[in-house]
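Visitor: Please find the sequence and the predicted model below.
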Amino acid sequence: MHVEADGSIRDRLTLVYDQIRRALRESGRHEGEVRLVAATKSVPVERIREAIAAGLRIAGENRLQEALPKIEALKKEGITWHFIGQLQRRKVRAVVGVFDLIHSVDSLELAAEIDHRAAAAGIRQNILLEINLGAEPSKAGFLEKKLEEAFPQLAALKHVAIQGLMAIPPVVRDAEQSRPQFRRLRHLSALLMRQGIPGISLTELSMGMSSDYVEAIQEGATLIRLGTAIFGGRRG
């Protein structure tokens, strides 16, 4: 059963956390193995504060221009920010060092630009590699075979820390239909790890949203990105 988008933000978060714990227990995993990223696109600062008061610890933003004022307004709240939207190379400089984790690195060229900007800033930027599991022309992301070919070059970048993989499966009517895609992402991560490249530890799998996060957790997700399940329907 998935959480319904009614009730207060606190009530919704309580239900989500209950379902996370249940999914972990049913799949033989331990509490704490999944982190919730609240997708805060189009959510006002006041409502994000409500979520923080209810226990939220990570917020994810899609748009840099929307994110920066929120980060400034909430800088004393002690939350971590992730960038979860498509990232254009011309905006990399403004993103590096501001977000703890970039979920959506979809090409070798983008990874290299992040590496370049992180080097200039004297930091190592945490990233995930976005995979286009369905080979959908409308979506960004590495195709699986292309990623395998590019992985040694990605791993050689000194100022990015590749922490795992991210994917958004093709839209389906039934969340159960996403399960094979989640499983494929987990298997791809294991395949890449078997290459034994020093310094690479793909511990994160960012997969699962409001409609299918239970199935994603059961298939190994460590990060889930939920918007509607926490904040209800939104515009924009």
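Guide: Arrived safely.

Visitor: which parts of the helix or strand bottoming out on mean pLDDT in the chain are buried?
Guide: Ranked by mean pLDDT, DSSP states H and E, the helix or strand of the chain with the weakest confidence is helix 144-155, at a mean of 91. Using 16 or more other C-beta atoms under 10 Å as the test for burial, helix 144-155 gives 144, 147, 151, 154. Placement of C-beta: from N, CA and C, glycine included.

Visitor: would you list these in TSV and tack on distance to Arg194?
Guide: Listed next are the buried residues of helix 144-155 as TSV, based on distance: C-beta to C-beta, whole Å:
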residue	distance to Arg194
Glu144	14
Leu147	14
Phe151	11
Leu154	16
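
Visitor: rewinding a little: tilt between the following helix or strand past the least confident helix or strand of the chain and helix 144-155?
Guide: Tracing the chain past helix 144-155, the next element assigned as helix or strand by DSSP states H and E is strand 160-167. Orientation of strand 160-167 against helix 144-155 (axes from the mean of the first three to the mean of the last three C-alpha atoms, to 10 degrees) gives an angle of 160 degrees.

Visitor: quick one: contacts of strand 160-167?
Guide: Contacts to strand 160-167, defined as C-beta atoms under 8 Å, 6 or more residues apart in numbering, come from residues 101, 103-105, 111, 114-115, 118, 124-133, 141, 154-155, 181-182, 185, 188-189, 200-207, 222-223.

Visitor: ok, and for whichever helix or strand comes after that strand, which residues are buried?
Guide: Where DSSP H and E defines the elements, the next helix or strand beyond strand 160-167 is helix 179-193. Using 16+ other C-beta under 10 Å as the test for burial, helix 179-193 gives 179, 181-182, 184-186, 188-189, 192.

Visitor: Looking at those, which gets the smallest pLDDT?
Guide: Among these, Leu192 carries the lowest pLDDT, at 91.

Visitor: Which strand or helix spans Ala118?
Guide: Ala118 is located in helix 108-121, with elements delineated by DSSP H and E.

Visitor: That helix: what's the following helix or strand?
Guide: strand 125-131.

Visitor: so where's the protein uncertain?
Guide: 1-6, 234-236 (pLDDT under 70).
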